[in-house]
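Novice: the following comprises the amino acid sequence and a computationally predicted model.
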Amino acid sequence: MSNMQVKSPLYKPLLLSIVLVLCTAATGMIFLPGAWYEALHKPSWTPANWVFPVVWSVMYLIGIAVGTWVLRKGSRVLTILWLIQLLFNGCWSYFVFGRHQLFLGFIDIICLWLTILLFLIKVFDRKWWVFFLFSTYLGWVSIALLLNMNLWLLNK
């Protein structure tokens with residue numbers, strides 16, 4: 001028997017990644033912004049409403065690609081961090097749009113941001129394309145974090 005690493009088939013981690021990311025994305029379809037969000041005071045730099053579903057769709061595709069790699073070849077720590085960021089991501093829509101709790105959403109998105117950062121630190125020297133893709137996710141979540149903070153401060 002050789003010392004070659006046994007790789008799992010691609011379709012199992014891909015399917016699991018798709019299911020988990022779609023479950024996370026579903027929270028954004030269940031808990032919609034609606035009239036409450038429209039009535040909030042917003043900073044002048046708030047992206048147009050059409051930007052959010054477009055960018056989040058790209059971010060979820062990135063999440064599927066990264067999740068597939070993590071579930072197939074990543075470490076236990078990377079897998080746990082990837083799963084935790086999905087949880088924080090899904091909870092945000094519930095807190096902000098479901099419960100109208102901007103402060104809880106702000107705490108949640110800080111946790112999401114930190115989890116993504118920890119993931120990036122752990123993956124930095126392992127796989128460049130995973131690091132690059134998830135860095136774009138951190139960039140978008142940074143904008144969302146700043147927007148959430150401003151919404152909370154403007155609407156206390």
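Specialist: Done, it's in. Residues are numbered from 1 along each chain as shown.
Novice: do you have the helices of the protein handy? List them.
Specialist: Under the criterion DSSP state H, the chain carries helices at the ranges 11-30, 34-39, 51-73, 76-93, 102-123, 128-154.
Novice: out of those helices, flag the one nearest residue 45.
Specialist: Residue 45 lies closest to helix 128-154 among the helices of the chain, at 8.2 Å (Cβ to Cβ). C-beta here means a position set from N, CA and C on the backbone, and glycine is covered the same way.
Novice: pLDDT score for the spatially most central residue of the chain?
Specialist: Centroid check for the chain by Cα atoms, centre = their mean gives residue 89 as the closest residue, at 4.7 Å. Here the pLDDT value assigned to residue 89 is 98.
Novice: show me what contacts it?
Specialist: 24, 27, 112 (Cβ atoms under 8 Å, 6 or more residues apart in numbering).
Novice: turn these into a markdown table, including pLDDT, neighbour count and distance to residue 79.
Specialist: Formatted as a markdown table, these follow (pLDDT from 0 to 100; neighbours: other Cβ atoms under 10 Å; distance: Cβ to Cβ, whole Å):
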| residue | pLDDT | neighbour count | distance to residue 79 |
| --- | --- | --- | --- |
| 24 | 98 | 20 | 15 |
| 27 | 96 | 16 | 21 |
| 112 | 98 | 24 | 17 |
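Novice: can you put those in JSON lines and add distance to residue 100?
Specialist: Shown next, in JSON lines, are these (distance: Cβ to Cβ, whole Å):
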{"residue": "24", "distance to residue 100": "20"}
{"residue": "27", "distance to residue 100": "15"}
{"residue": "112", "distance to residue 100": "19"}
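Novice: what is the neighbour count of the closest residue to residue 138 other than its chain neighbours?
Specialist: If the residues on either side of it in the chain are set aside, residue 138 comes closest to residue 116, at 4.7 Å by Cβ to Cβ, 6 or more residues apart in numbering. Residue 116 is flanked by 24 other residues according to other Cβ atoms under 10 Å.
Novice: pLDDT at residue 116, what is it?
Specialist: pLDDT, residue 116: 98.
Novice: and if you look at residue 28?
Specialist: Confidence score, pLDDT, at residue 28: 93.
Novice: which residues touch the closest residue to it other than its chain neighbours?
Specialist: The spatially closest residue to residue 28, leaving aside those adjacent along the chain, is residue 93, at 4.8 Å (Cβ to Cβ, 6+ apart). Under the criterion of Cβ under 8 Å, 6+ apart, the neighbours of residue 93 are 27-28, 30-31.
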